[in-house]
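In: dropping a prediction and its sequence here:
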Amino acid sequence: MRGLFEHPHRPRWVPGNGGLCLHTIITDPSVDGRMYVAISAAGVYRTDDGGRNWQARNCGIRAVFRPDKYPEFGQCVHKMVMHPARPERLFLQSHWGLYRSDDAADTWQDIANGVPSDFGFAMVMHPHDPDCVYIVPIESDEFRCTPDGRLRVYRTRNGGESWEALVKGLPQKRAYETILRDALATDTLQPAGVYFGTRSGQIYGSADEGKTWNKIIDGFPSIVCLKAAVVGEPRAKRR
């Protein structure tokens, strides 16, 4: 899309440690021509005309590594998600920052309430509940492992007003794991399954929306992307 490739901000975009990475693309099912992208380290951009023109949409997102902590662009966004049932609301995991927007990314508010760290990569929506989001916090940009060596998935069911740790079945000692931005996924069953993979090559899964977990497999190379699919005609309720 030439409108993004030739954006006047582009010469001033700065690569993050993983390179200059456009990692997230979200289309709005309710507005023709509206789409969002998230770029490290450039921030969130939105188009309302099918990609001809793009506007930076980073108001309220911190950039702790820059002299101006709230610039127009240049934030290192790690992941952004939206539920199609409520497309005006988006959630965002940044390089130090956890945010929600209720106005199609025009403004963002901090929702890091009750998490051990607001640094992290992975973020995924619940498939049926637009108020429910899952994340896996990482200790810091200097120590990119789960805080305190405890493998914890965090869930909000009220749009980020509060978070709860989901730990049953996950190791809580010496579990210094890293979960990358696309290594967390859900299926579409009832109740929903939640899955994640680690850089140490382990895959964990929950068949009850995160209440309990099991290790599915071990011994893989680093898991950088994990997807879940429902095959065939499942029953309406998981048994």
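Out: Done, it's in. Numbers count the residues shown, from 1 in each chain.
In: any idea what the residue nearest the centre of the chain is bridged to?
Out: With distances taken as CA atoms, centre = their mean, M123 lies nearest the centre of the chain, 2.6 Å away. Using DSSP bridges, the beta-bridge partners of M123 come out as I135.
In: got the contact list for it?
Out: Residues in contact with M123 (CB atoms under 8 Å, 6 or more residues apart in numbering) are 78-81, 91-93, 133-135, 181, 184. For glycine as for every other residue, the C-beta is placed from the backbone atoms N, C-alpha and C.
In: out of those, which is nearest to R34?
Out: Among these, M80 lies closest to R34 (CB to CB), at 13.9 Å.
In: right, and E209 touches H126 too?
Out: Yes. The criterion here is CB atoms under 8 Å, and E209 meets it with H126 at 7.3 Å.
In: what is in contact with the two at once?
Out: With contacts defined as CB under 8 Å, 6+ apart, the residues shared by E209 and H126 are A192.
In: show me which of the two is the more surrounded one.
Out: The neighbour count for E209 versus H126, taken as other CB atoms under 10 Å, is higher for E209 (23 against 20).
In: my guess is H23 is in a strand, correct?
Out: Yes. H23: assigned to a strand according to DSSP: H, G, I helix; E, B strand; the rest coil.
In: what's it in contact with, if anything?
Out: By CB under 8 Å, 6+ apart, the residues touching H23 are 38-40, 78-79, 181-182.
In: so among those, where is pLDDT lowest?
Out: Minimum pLDDT across the contacts of H23 is recorded for S40, with 92.
In: not including adjacent chain positions, what is the nearest residue to that residue?
Out: Nearest non-adjacent residue to S40, counting by CB to CB, 6 or more residues apart in numbering: G16, 4.1 Å away.
In: right, I'll call it a day here.
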